[in-house]
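Chemist: Below are the sequence and a predicted model for it; my questions follow.
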Amino acid sequence: RKEVEQDPGPFNVPEGATVAFNCTYSNSASQSFFWYRQDCRKEPKLLMSVYSSGNEDGRFTAQLNRASQYISLLIRDSKLSDSATYLCVVNRIKAAGNKLTFGGGTRVLVKP
Amino acid sequence: NAGVMQNPRHLVRRRGQEARLRCSPMKGHSHVYWYRQLPEEGLKFMVYLQKENIIDESGMPKERFSAEFPKEGPSILRIQQVVRGDSAAYFCASSPGGNDQPQHFGDGTRLSIL
């Protein structure tokens, strides 16, 4: 089983609609969580950190469910520019430092 | 430019040659990470370095790959005797340290092996 799993999609979303997708992680020792977005052939860019209480940044809402070991991302009022691959990222802190573990990404295509 | 700087953006090598990829972290960041992304795949962690120290190299192939982050200058990812399977995008990220700090990525180096 992969350490971080995502539905690869694509999620085809009409412009203005809401889309949500999850990411599951297998290691209960995971301690911090992020969503990054990656456009085709570009570098990953931090979208938002995910906090235990859930957090919102404009049209984006992230939730963390530690009991079921998943995080979610919801995008409201989708824009064409939201088309990208969304990477779920888990940080497992070890004594010697930390490293990010990336999911394979969920592809979102927003269409007019 | 205060972001993570990687160079070159594109690198072409023939099989058997050496590839050197450079990464300068964001100003104030002392932690550097290297990731590899194969075509149509996700990012895979390779190595985590602080100045003059390798902290975690659990994702590095056992042979031909090495990384350093000297006291002065950029971090270097070195691939010796490259093979076709080394063709990928190599991304560098940096963070200021701290266990829950997000990492910020450079534009990446696209390595192509002929």
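Modeler: Arrived safely, thanks for sending.
Chemist: Any stretches of chain A with poor pLDDT?
Modeler: Where chain A drops to pLDDT under 70, the residues are A:93-98.
Chemist: residue ranges of the strands in it, please?
Modeler: Along chain A, counting by DSSP state E, strands occupy A:4-6, A:11-14, A:19-25, A:32-38, A:45-50, A:55-57, A:60-65, A:70-75, A:84-94, A:97-102, A:106-111.
Chemist: how about those strands, which one is nearest residue B:14?
Modeler: Ranking these by proximity to residue B:14 (Cβ to Cβ) places strand A:32-38 first, at 29.3 Å. C-beta coordinates here come from the backbone N, C-alpha and C atoms, glycine included.
Chemist: With just CA atoms, put the closest one into PDB.
Modeler: This file holds the C-alpha atoms of strand A:32-38, laid out as PDB (Å, rounded to 0.1, in the frame of the first residue of the first chain):
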ATOM      1  CA  SER A  32       1.700  17.800   9.200                       C
ATOM      2  CA  PHE A  33      -0.100  18.000   5.900                       C
ATOM      3  CA  PHE A  34      -0.200  20.200   2.900                       C
ATOM      4  CA  TRP A  35      -1.900  20.600  -0.400                       C
ATOM      5  CA  TYR A  36       0.300  21.700  -3.300                       C
ATOM      6  CA  ARG A  37      -0.700  22.300  -6.900                       C
ATOM      7  CA  GLN A  38       1.300  21.500  -9.900                       C
END
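Chemist: same for that strand, what does it pack against?
Modeler: With contacts taken as 3 or more Cβ pairs under 8 Å, 6 or more residues apart in numbering or on different chains; DSSP states H and E, strand A:32-38 sits against strand A:45-50, strand A:60-65, strand A:70-75, strand A:84-94.
Chemist: who touches it?
Modeler: Here strand A:32-38 makes contact (Cβ atoms under 8 Å, 6 or more residues apart in numbering or on different chains) with A:25, A:44-50, A:60, A:62, A:64, A:71, A:73, A:84-91, A:93, A:100, A:102, A:105, B:99-100, B:102.
Chemist: Please pick the buried ones from those residues.
Modeler: For the contacts of strand A:32-38, a burial check counting by 16 or more other Cβ atoms under 10 Å in any protein chain shown picks out A:25, A:44, A:46-50, A:60, A:62, A:64, A:71, A:73, A:84-91, A:100, A:102, A:105, B:102.
Chemist: So for residue B:53, which of the strands of chain A sits nearest?
Modeler: Evaluated over the strands of chain A, closeness to residue B:53 peaks at strand A:97-102, with 9.6 Å, by Cβ to Cβ.
Chemist: can I get the helices and strands packed on strand A:32-38 in TSV with distance to residue B:33?
Modeler: Compiled in TSV, the helices and strands packed on strand A:32-38 are given as follows (distance: least, Cβ to Cβ, whole Å):
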stretch	distance to residue B:33
strand A:45-50	13
strand A:60-65	22
strand A:70-75	21
strand A:84-94	11
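Chemist: Good, we can wrap up now.
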